[in-house]
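*Asks:* need a structure here:
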Amino acid sequence: MKHIILITGGQRSGKSAYAERRALSLSPNPIYLATAHIWDDEFALRVQRHQERRGPEWTNIEEERQLSRHDVSGRVVLIDCLTLWATNFFTASSTDDTLPDVDTLLAEMKVEFDRFTAQDATFIFVTNEIGMGGTSSNALQRRFTDLLGWLNQYVASQADEVVLMVSGIEVKVKNEK
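*Replies:* Just a heads-up that it's a prediction; the model follows:
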């Protein structure tokens, strides 16, 4: 039976570690679907630390945009993370001359999300709450904050559970069974 869990919170709030523990509590061999694009050496080290935390029980998949290409039926799949997934769509549509069209990107991402989550699986999505801080003076950053905020709202509306991580502590926001 399909089940969607959204885990959100600030940077370094413990989201990924909690999501990994949750996935392992639901399956002895979960899937880790990484959406990261390696931008630089520092980010490569972050990814390496995440990989080292996981053992051989994980099936690892790397996919920057087209999540629905992967058959995860009957499995527990952790998608880490929606923020990087949104970044991949955002940067692919960005040019030096124009800002990305948030409405178009959001519509495209909703379609892909719905296609992916139409499978009979348990989905654990990790995302960041980047809109809780101040408003940026940079138009590009404001557009991305809007995109991710609206994407997070959509995923939360589809989720059976939503967990907010605060300083490594889980706070249950939504629990519909």
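*Asks:* Give the residue spans of the chain that score low on pLDDT.
*Replies:* Scanning the chain with the threshold set as pLDDT under 70 gives 47, 95-96, 177.
*Asks:* ranges for the strands of it?
*Replies:* 3-9, 31-34, 59-62, 76-80, 122-126, 161-166, 169-175 (DSSP state E).
*Asks:* Just put those strands in TSV and tack on distance to V111 and mean neighbour count.
*Replies:* The way it works is simple: take the backbone N, C-alpha and C, and place the C-beta from them, glycine included. Output for the strands of the chain, formatted as TSV (distance: least, CB to CB, whole Å; neighbours: other CB atoms under 10 Å):
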stretch	distance to V111	mean neighbour count
strand 3-9	16	22
strand 31-34	18	21
strand 59-62	20	13
strand 76-80	16	24
strand 122-126	16	25
strand 161-166	22	19
strand 169-175	23	12
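*Asks:* which residues touch the spatially closest residue to W58 that is not a sequence neighbour?
*Replies:* Spatial nearest neighbour of W58, excluding adjacent residues (CB to CB, 6 or more residues apart in numbering): Y32 at 4.8 Å. Counting by CB atoms under 8 Å, 6 or more residues apart in numbering, Y32 touches E20, A23, R54, W58, T59, N60, I61, V77, L78, D80.
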